[in-house]
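In: predicted structure and sequence below. I'll ask about it afterward.
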Amino acid sequence: MKKITKATYLKWYEDMFFWRKFEDKLAAVYIQQKVRGFLHLYNGQEAILAGALHVMEPKKDRMITAYRNHVQPIGMGVDPKRVMAELFGKASGTSMGLGGSMHIFSKEHHFHGGHGIVGGQIPLGAGMAFGDKYFDRDNVTLCFMGDGAVRQGSLHETLNLATLWQLPVVFVVENNGYAMGTSVARTASHQEIWKLGLGYEMPCGPVDGMDPVAVAKELDKAILRARSGKGPSFLEMKTYRYRGHSMSDAQKYRTKEEVEEYRKIDPITQVKEIILKNKYATLKQLEEIDAAVKVKVAECEKFAEEAPFPDKSVMYDAVYEQEDYPFIKHKLD
């Protein structure tokens, strides 16, 4: 595995703090109705993305996930201004403002969504890995899902074929404890999701999803296994989300005390403490990073605010390939 150094910790801190503040800003503008529809925030789960980016090769490896998907494309290299603009429904967004919060996408940066259907990305992730194997490409696909998605039948169909064909894919369950508002304990007779991989004789195991080092170590093994032709892995990243399932979630299924207990192991705080303990940076230097991050987030908001909305005709261009599509009765002005 690529060595974890002082520079690694400083990058992790800056990246995770930026992702957190980016999501916080989205929560604020959502209340102002500048972002519409659904909004699912990643607060608390940042260590998983940080650890993954440390060991994958973004120029060739792929990432696909569910609808909690704003910061992943940023980590993969997408301009955060364009991500913010997409959430604002603006033409300069990653999907011309037509995809919105749940459907961020960038083929250029190997980020393949952003899927609104629970578990819909799982067979797609295996499909991309199948294409890489078929064309003998040295790529690995990281397929992320929530704990709620593992109850979809398509997961089991996918795990079976991925193992049978030894596909270069790593399945990652981001278990934040609740599928919308339903705890893992209420959805199955077991609470160790990683054990589902045992039924397919697939390498699997639990991982501390609040620690980027633990995430990086286990994902590194899985990625190397996949890249060397030894097939898929199934990892359960045990994490926690500090905000609700979405902005409309009243969170009545958990107590404030529970949330506060998990805040004690906040991945950003953990990384910050290691930086200070090892004197990788002073508190003042970290505060300077904080200030720079807040400026960057403000620039993203300004870009999104000032960007134009897409022309109505773009909706036809994006949906219909055939220009004289017969079921279009009225053209919009």
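Out: Done, it's in.
In: helix, strand or coil for the residue lying closest to G125 once chain neighbours are set aside?
Out: Sequence neighbours aside, C143 is the residue nearest to G125 in space, at 2.9 Å (criterion: Cβ to Cβ, 6 or more residues apart in numbering). For glycine as for every other residue, the C-beta is placed from the backbone atoms N, C-alpha and C. Taking DSSP: H, G, I helix; E, B strand; the rest coil as the rule, one finds C143 in the strand state.
In: burial count for C143?
Out: Close neighbours of C143, defined as other Cβ atoms under 10 Å, add up to 28.
In: name the residues linked to it by a beta bridge.
Out: Bridge pairing for C143 (DSSP bridges) gives the partners I64, F171.
In: and it, what does it touch?
Out: I64, T65, Q121, I122, L124, G125, A126, A129, V169, V170, F171, V172 (Cβ atoms under 8 Å, 6 or more residues apart in numbering).
In: quick one: the strands in the stretch 101-250 of the chain?
Out: Using DSSP state E, counting those that start in this stretch, the strands of the stretch 101-250 of the chain run over 141-146, 169-175, 178-179, 182-183, 204-208, 233-238.
In: can you list those in JSON lines and add mean pLDDT and distance to G37?
Out: Formatted as JSON lines, the strands of the stretch 101-250 of the chain follow (pLDDT from 0 to 100; distance: least, Cβ to Cβ, whole Å):
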{"stretch": "strand 141-146", "mean pLDDT": "98", "distance to G37": "18"}
{"stretch": "strand 169-175", "mean pLDDT": "98", "distance to G37": "22"}
{"stretch": "strand 178-179", "mean pLDDT": "92", "distance to G37": "20"}
{"stretch": "strand 182-183", "mean pLDDT": "91", "distance to G37": "22"}
{"stretch": "strand 204-208", "mean pLDDT": "98", "distance to G37": "32"}
{"stretch": "strand 233-238", "mean pLDDT": "98", "distance to G37": "27"}
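In: could I get those strands as TSV with distance to M76?
Out: Formatted as TSV, the strands of the stretch 101-250 of the chain follow (distance: least, Cβ to Cβ, whole Å):
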stretch	distance to M76
strand 141-146	10
strand 169-175	15
strand 178-179	26
strand 182-183	30
strand 204-208	21
strand 233-238	18
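In: the closest residue to V293 other than its chain neighbours: neighbour count?
Out: Distances taken as Cβ to Cβ, 6+ apart put F18 closest to V293, at 4.7 Å, once the chain neighbours are dropped. Per other Cβ under 10 Å, the neighbour tally for F18 reads 23.
In: same question for the helix or strand that contains F18, mean pLDDT?
Out: Taking DSSP states H and E as the definition, F18 sits inside helix 6-31. On average, the pLDDT along helix 6-31 is 98.
In: for stretch 103-115, same thing?
Out: 95.
In: okay, Y253 and N175: tell me how far apart.
Out: In this view, Y253 and N175 are 16 Å apart by Cβ to Cβ, to the nearest Å.
In: who's more crowded, the two?
Out: Ranked by neighbour count (other Cβ under 10 Å), Y253 and N175 place N175 first, with 26 against 16.
In: find the nearest non-adjacent residue to that one, please.
Out: D147 (4.2 Å).
In: was I right about that neighbour contacting M180?
Out: No - in this structure, D147 is not within contact of M180 by Cβ atoms under 8 Å, at 10.4 Å.
In: identify, from the contacts of C143, the entry nearest to Q33.
Out: T65 (26.1 Å; Cβ to Cβ).
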